[in-house]
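Visitor: sharing a model that was predicted from the sequence below.
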Amino acid sequence: MTRRALVLGGGGVTGVAWELGLIAGLAEAGLDLRTADRFIGTSAGSVVAAQITSDADLTELYQQQLAGPGAELTAKIGANFYATIAWALLTHRDGESFRRRIGAMALAAKTLPEAERREVIAARLPSDEWPEAELLITTVRTDTGEFVVWDRESGVGLIDAVGASCAVPGVWAPVTVAGVRYMDGGMRSTTNADLAEGCERIVVIAPTVVGGGGAMPKLSDHVAALRERAEVVVVVSPDAAAKAAIGRNVLDPAHRAPAARAGHAQAASVLAEIRAVWQL
């Protein structure tokens, strides 16, 4: 049987909205990506993956993105974040040492208390139970820089797994699991698309495709490697209209509704390409 993977990348609250809009638009056109055999969620993508693998109605999930900010808090990735990333990339050649440097920044930052942030994550998820589907959620240990992937067999609660994957260093507090602090899986890769290895048909939905290099793998490198063995790999990123709707601050919930609508509209332009990947 052909194994299909859906990779959902990071991109803040607007990334969640755009991804859900796109997936809902495709479903309305008769193409349901929820039939994937493997779901891979990183940061914002972990939220979407957890949502669409639950029993929640996809139309309702999309409609929620069109409502007001609700429990979502406005935040912004500051200059210190980008400066630290740039310096760490220049001074660290291997991935784990690079991520340890980012982890130190995450631990030192003054952020919203971890418990309050957990409530926000819990409000995003239709269920606190792992789905039956194969769902992989990515995160990074702040102390060692180790890349960690959790699934339903990991013994980690779904809320904590998603919260850790969404813990943008310097913005949100790292999540504590069994005495260890974890941060955003996007610090290893914005999509971690290489986890789709072994699948034959792969769709990567990536709100953010820039960045990477050196100690931080590029999406293009992962896709090139996947294409050596997979039948087909397709990457979908925001079009010009979606980029404008998303705006410059991906952590601003005021842009959530426009981003969702833009993703929904973009579905029509990518439908044929994705259908060719998804059909058996």
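Guide: Cool, the structure landed.
Visitor: ok, Glu119 - how many residues close by?
Guide: Residues contacting Glu119 under the criterion other Cβ atoms under 10 Å number 12. Yep, even glycine has a C-beta here, placed from its N, CA and C like the rest.
Visitor: what's around Ala178, how many residues?
Guide: Using other Cβ under 10 Å, Ala178 is surrounded by 7 other residues.
Visitor: can you read off the pLDDT for it?
Guide: On the pLDDT scale, Ala178 is placed at 97.
Visitor: show me what contacts it?
Guide: Neighbouring residues of Ala178 by Cβ atoms under 8 Å, 6 or more residues apart in numbering: there are none.
Visitor: check the gap between it and Val148 for me.
Guide: The gap separating Ala178 from Val148 is 12 Å, by Cβ to Cβ, to the nearest Å.
Visitor: next: Arg227.
Guide: Relative to Val148, Arg227 is positioned 26 Å away (Cβ to Cβ).
Visitor: pick out whichever of these two has more residues nearby.
Guide: Val148 (20 against 12).
Visitor: wait, is the more buried one part of a strand?
Guide: Yes. Counting by DSSP: H, G, I helix; E, B strand; the rest coil, Val148 is part of a strand.
Visitor: which strand residues bridge the residue lying closest to it once chain neighbours are set aside?
Guide: Leaving aside its chain neighbours, Val148 sits nearest to Thr139 (5.2 Å; criterion: Cβ to Cβ, 6 or more residues apart in numbering). Here Thr139 sits in beta bridges with Val148, Asp184, as judged by DSSP bridges.
Visitor: what about the stretch 1-150 of the chain, any weak spots by pLDDT?
Guide: Scanning the stretch 1-150 of the chain for pLDDT under 70 picks out 1-2, 70-71.
Visitor: quick one, strands of it?
Guide: Using DSSP state E, counting those that start in this stretch, the strands of the stretch 1-150 of the chain run over 4-8, 38-41, 134-141, 147-150.
Visitor: ok, back up a step: give the burial count for the residue nearest to Val148, as a bare number.
Guide: Close neighbours of Thr139, defined as other Cβ under 10 Å, add up to 33.
Visitor: so it makes contact with Gly186?
Guide: No. Contact criterion Cβ atoms under 8 Å: Thr139 and Gly186 do not qualify, at 9.4 Å.
Visitor: now the common contact residues for these two.
Guide: What both Thr139 and Gly186 touch, as defined by Cβ under 8 Å, 6+ apart, is the set Ser165.
Visitor: nearest residue to the residue nearest to the spatial centre of the chain other than its sequence neighbours?
Guide: For the chain, Gly45 is the residue whose C-alpha lies nearest the centre (Cα atoms, centre = their mean; 2.4 Å). Counting by Cβ to Cβ, 6+ apart, Gly45 lies nearest to Leu8, which is 3.0 Å off, once chain neighbours are set aside.
Visitor: what's the closest of the strands of the stretch 1-150 of the chain to Ile205?
Guide: With Cβ to Cβ as the measure, strand 4-8 is the member of the strands of the stretch 1-150 of the chain nearest Ile205 (5.4 Å).
Visitor: quick one, which of the strands of the stretch 1-150 of the chain gets closest to Gly247.
Guide: Of those, the one closest to Gly247 (Cβ to Cβ) turns out to be strand 4-8, at 20.3 Å.
Visitor: what's the closest one packed up against?
Guide: Counting contacts by 3 or more Cβ pairs under 8 Å, 6 or more residues apart in numbering; DSSP states H and E, strand 4-8 packs against strand 38-41, helix 44-52, strand 201-205.
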